[in-house]
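Participant: sequence and predicted structure below; questions after.
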Amino acid sequence: MTAESDERRTAVATDPADGDVGNGGTEGDVPGPGGSERPLGSRAPLFIRRSRALHVSWQVGVFVIGLAIVGGGIVLLPLPGPGWVIIFAGMAVWATEFVWAQLVLRWTKRKVTEAAQKALDPKVRRRNIVLTTVGLAIVGALLGYYLWRFGFVMPWRAGMD
């Protein structure tokens, strides 16, 4: 990490108007390295950020709501359902208030974009098509052998004939 990125993070995370860390997000803040990213910091309305007690209450509420959403996503991971989507939705709720969640979401977005670009590379696409075709051929051969050997019988009843 360079000194310039440390300065930028400090400048973005500190609001000179009230001296609190984590209340950034004012119009004068410097956006991220890409220039198009939103500044880091709280997205709470200004009247909430002005009162320390109200802002802390707001942050506690956002944290609890985000925690409930992330917890629901974690529960859905082994179950059928969109577990990861719900976890990232909870992270997005946290990112409205907490810089660490904003940084995690930016990193995740960057990694997903990189993976999508790699997947669209012609060499990678050809490799994936070949591997999928080979995998389907193997599954088809195994299914054909099973049907030839046992007929259309469920596996748990195959040995009882």
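Facilitator: Nice, I can see it. Residues are numbered from 1 along each chain as shown.

Participant: contact partners for G90?
Facilitator: Contacts for G90 (CB atoms under 8 Å, 6 or more residues apart in numbering) come out as G66, L67, A68, I69, V70, G71, G72, G73. Heads up, the C-betas are built off the backbone N, CA and C, glycines and all.

Participant: what is the burial count for the third one?
Facilitator: Looking back up the chat, that one is A68. A68 has 12 neighbours, counted by other CB atoms under 10 Å.

Participant: find the nearest non-adjacent residue to it, please.
Facilitator: Once flanking residues are discounted, A68 sits nearest to G90: 7.6 Å by CB to CB, 6 or more residues apart in numbering.

Participant: how far away is the one you found from V62?
Facilitator: To V62, G90 is 11 Å away according to CB to CB, to the nearest Å.

Participant: buried set for the one helix or strand R126 maps to?
Facilitator: Per DSSP states H and E: R126 is located in helix 122-150. Along helix 122-150, no position meets the burial threshold by neighbour count (16 or more other CB atoms under 10 Å).

Participant: how close does P78 get to R110?
Facilitator: According to CB to CB, P78 stands 28 Å off from R110.
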